[in-house]
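>>> Give the three-dimensional model of this entry:
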Amino acid sequence: MSILLTGGAGFIGAATAERLLERGERVIVIDSFNDYYPVQLKRDRIARLARFGEALSVHELDFSDAAAVEAVLGAIDFDRIVHLGAQAGVRYSLDNPLAYAASNLTGHLVVLELARHRRVRHMVYASSSSVYGNNARVPFSVEDSVDHPISLYAATKRADELIAETYAHLYRTPLTGLRFFTVYGPWSRPDMMTWKCTEAVLAGRPIQVFNHGEMHRDFTFIDDIVAGVTAALDHPPSDDGAPKAGGSAAPHALYNIGNNRPEPLMRLIGLIEEACGRKAAIDFLPMQPGDVARTYADIGAIQRDLGYTPTTPIDVGIPAFVEWFRDYTGR
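Presented below is the predicted three-dimensional model:
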């Protein structure tokens, strides 16, 4: 059988597709290839997977369009789903909220309906560390209350978790939600912090640094994220009535995937400067609406249940990203 992978032309999606294909899985990618950032980057990610031949199929499709999804996937068999497609970005949600409702709410529900009616063995879906908002308790635990999101993006991701809990309860569909913490690495998005900082340093432009530099992030390398996604996929939560990570008694688990080590943003910028061989000009600014000063993942649950341990510090990951960035962009 095959794995349906939504958002497979995205940063995490394409890396996950590659890992699944490398281990011999058949992967069905659906992606809308929208223009939130340059579409060519998405097509370049997919082009790298052409070497896997017929094990990969790609369908340009908006997963929030239920009729189109049924028309394309109706005759295609799959027994697991990795749902990574979403409208990403905290700040963009302030400008285009309806895009988040369509993709992250309606789209999530469409994919859950697929999981329900196909009776899939397991569906893994992407949540976000943004659900923690300005959580005062650190590190952030999946047992913490997350009822006070401070951005629409975060609110949609929390809603996804609640809808998934309902489906696990009503239909006993095995579901796992993954709260990703500040993902970075080769083939990332142009709106991400590492890309924007590297691009600015190489171009000699000032870097905008918010909260006057008092920011910490649990930066997590893409390979470590993918390792967590595949580990989760291979271990569906049991329908045994026992509490799962996150507190559900239904077959629904929630896990943090992070590096378990918050780093000062200024240290990250220093590593980018070192890798680029140039100093950065910095424009210190106040905190942006919807942003948070610190993220820090408690990964005890995923370590205990799935044996997950991140292996890539930013001292290794940032030079790897900068090397890829310079090669890809010709800078």
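
>>> Would you mind writing the CA trace of stretch 19-29 as PDB?
Listed next in PDB are the C-alpha coordinates belonging to stretch 19-29 (Å, rounded to 0.1, in the frame of the first residue of the first chain):
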ATOM      1  CA  ARG A  19      12.900   9.800   3.500                       C
ATOM      2  CA  LEU A  20       9.900   7.600   2.900                       C
ATOM      3  CA  LEU A  21      10.900   6.800  -0.700                       C
ATOM      4  CA  GLU A  22      14.400   6.000   0.400                       C
ATOM      5  CA  ARG A  23      13.100   3.300   2.700                       C
ATOM      6  CA  GLY A  24      11.000   1.800  -0.100                       C
ATOM      7  CA  GLU A  25       7.500   3.300   0.500                       C
ATOM      8  CA  ARG A  26       5.200   4.300  -2.400                       C
ATOM      9  CA  VAL A  27       4.300   8.000  -1.900                       C
ATOM     10  CA  ILE A  28       1.300   9.900  -3.400                       C
ATOM     11  CA  VAL A  29       2.000  13.700  -3.100                       C
END
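
>>> Which of the residues in that stretch are classified as buried?
Neighbour counts over stretch 19-29 (16 or more other C-beta atoms under 10 Å) mark 19, 20, 21, 25, 26, 27, 28, 29 as buried. Where you see a C-beta, it was placed from the backbone N, CA and C, and this is true even at glycine.

>>> Find the residue closest to the fourth one in space, skipping its chain neighbours.
In space, not counting the residues next to it along the chain, residue 25 is nearest to residue 3; the distance is 5.5 Å by C-beta to C-beta, 6 or more residues apart in numbering.

>>> before we move on, what about the first one?
Across the structure, with C-beta to C-beta, 6+ apart as the measure, the residue nearest residue 19 apart from its sequence neighbours is residue 226 (4.9 Å).

>>> what bridges to the residue nearest to residue 25?
Assessed by DSSP bridges, residue 3 has beta-bridge partners residue 27, residue 80.

>>> can you pull the contacts of it?
Counting by C-beta atoms under 8 Å, 6 or more residues apart in numbering, residue 3 touches 20, 25, 26, 27, 28, 78, 79, 80, 81, 82, 233.

>>> again, but for residue 67
Contacts for residue 67 (C-beta under 8 Å, 6+ apart) come out as none.

>>> hang on, it in a helix?
Yes: per DSSP: H, G, I helix; E, B strand; the rest coil, residue 67 lies within a helix segment.

>>> What distance do you get for it to residue 110?
According to C-beta to C-beta, to the nearest Å, residue 67 stands 10 Å off from residue 110.

>>> Likewise for residue 225?
24 Å.

>>> the more surrounded of the two?
It is residue 225, of residue 225 and residue 110, that has more neighbours when counted by other C-beta atoms under 10 Å, with 27 against 20.

>>> my guess is the more buried one meets residue 257, correct?
Yes: if you go by C-beta atoms under 8 Å, residue 225 and residue 257 touch, sitting 5.7 Å apart.

>>> Next, show the common contact partners of these two.
Overlap of the contact sets of residue 225 and residue 257 (by C-beta under 8 Å, 6+ apart) consists of residue 180.

>>> Flag the shaky bits of the chain, pLDDT-wise.
By pLDDT under 70, the low-scoring segments of the chain are 290-291.

>>> Give the pairing partners of the helix or strand hosting residue 176; include direction for each.
Using DSSP states H and E, residue 176 falls within strand 175-180. Using DSSP bridges, strand 175-180 pairs in its sheet with strand 122-128 (parallel), strand 252-257 (parallel).
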